[in-house]
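Participant: This is the structure alone, sequence omitted:
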């Protein structure tokens, strides 16, 4: 159990995201919270457990609280920023289809580099999301019409 709490109503945020698509399972990384108001099966782990989290299933969503003050209160375990980034990358790539990160502003550059987009900004926190289905827009030229460059048939030797 951690001594730090979420900086706002994280359940309300999850409900807003769930309006677009229902969730069957979720993963909470950070301070403990009451998940009884959420539908589906939700698991909880502390931030320092995230790096060692074994793969058992792929969750629909993971919600992470990545804030220096919260990590300092998790049993005094300190991580390097690189270890934190690797843990979030592993969570994004392996454990969850959609990841929401609540972080302090100092992590903006790292989250943007990992493909996260800013969802919302609060006083001293930013909310970032990564959804594999929408992280990159499909360019106009990438479609069945242009797949084999039919305009070049017979013009060049391939």
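Facilitator: That came through, no problem. The model shown is predicted, which means the values in this text are computed figures rather than measured ones.
Participant: CA only for contacts and neighbour counts going forward, please
Facilitator: Noted.
Participant: What ranges in this protein fall below the confidence cut-off?
Facilitator: Within the chain, the segments meeting pLDDT under 70 span 1-4, 68-79, 144-148, 156-158.
Participant: For it, just list every one of the strands.
Facilitator: 25-29, 41-45, 59-66, 96-103, 117-121, 126-131 (DSSP state E).
Participant: Against which helices or strands is the fifth one packed?
Facilitator: Taking 3 or more CA pairs under 8 Å, 6 or more residues apart in numbering; DSSP states H and E as the contact definition, the neighbouring helices and strands of strand 117-121 are strand 126-131.
Participant: List the strands paired with the strand it packs on, with their directions.
Facilitator: Sheet pairing for strand 126-131, assigned by DSSP bridges, gives strand 96-103 (antiparallel), strand 117-121 (antiparallel).
Participant: Present those as JSON lines; the columns should include distance to residue 90 and mean neighbour count.
Facilitator: Below are the strands paired with strand 126-131 laid out as JSON lines (distance: least, CA to CA, whole Å; neighbours: other CA atoms under 10 Å):
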{"stretch": "strand 96-103", "distance to residue 90": "9", "mean neighbour count": "22"}
{"stretch": "strand 117-121", "distance to residue 90": "17", "mean neighbour count": "14"}
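Participant: Rebuild the ones you listed as CSV, extending it with distance to residue 49.
Facilitator: Shown next, in CSV, are the strands paired with strand 126-131 (distance: least, CA to CA, whole Å):
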stretch, distance to residue 49
strand 96-103, 16
strand 117-121, 25
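Participant: out of these, nearest to residue 19?
Facilitator: strand 96-103 (14.1 Å; CA to CA).
Participant: If the residue most central in space within the chain is in a bridge, with which residues?
Facilitator: With distances taken as CA atoms, centre = their mean, residue 99 lies nearest the centre of the chain, 2.1 Å away. Beta-bridge partners for residue 99, by DSSP bridges, are residue 62, residue 130.
Participant: mind checking how far residue 66 is from residue 33?
Facilitator: 15 Å (CA to CA, to the nearest Å).
Participant: the more surrounded of these two?
Facilitator: Neighbour count, other CA atoms under 10 Å: between residue 66 and residue 33, residue 66 has more, with 20 against 13.
Participant: picking up where we left off before, relative to residue 10, which of the strands paired with strand 126-131 is closest?
Facilitator: Nearest to residue 10, of all the strands paired with strand 126-131, is strand 96-103, at 9.2 Å by CA to CA.
Participant: ok and the closest one relative to strand 25-29, angle-wise?
Facilitator: Put simply, strand 96-103 runs at 30 degrees to strand 25-29, going by axes from the mean of the first three to the mean of the last three CA atoms, to 10 degrees.
Participant: Alright, that wraps it up for me.
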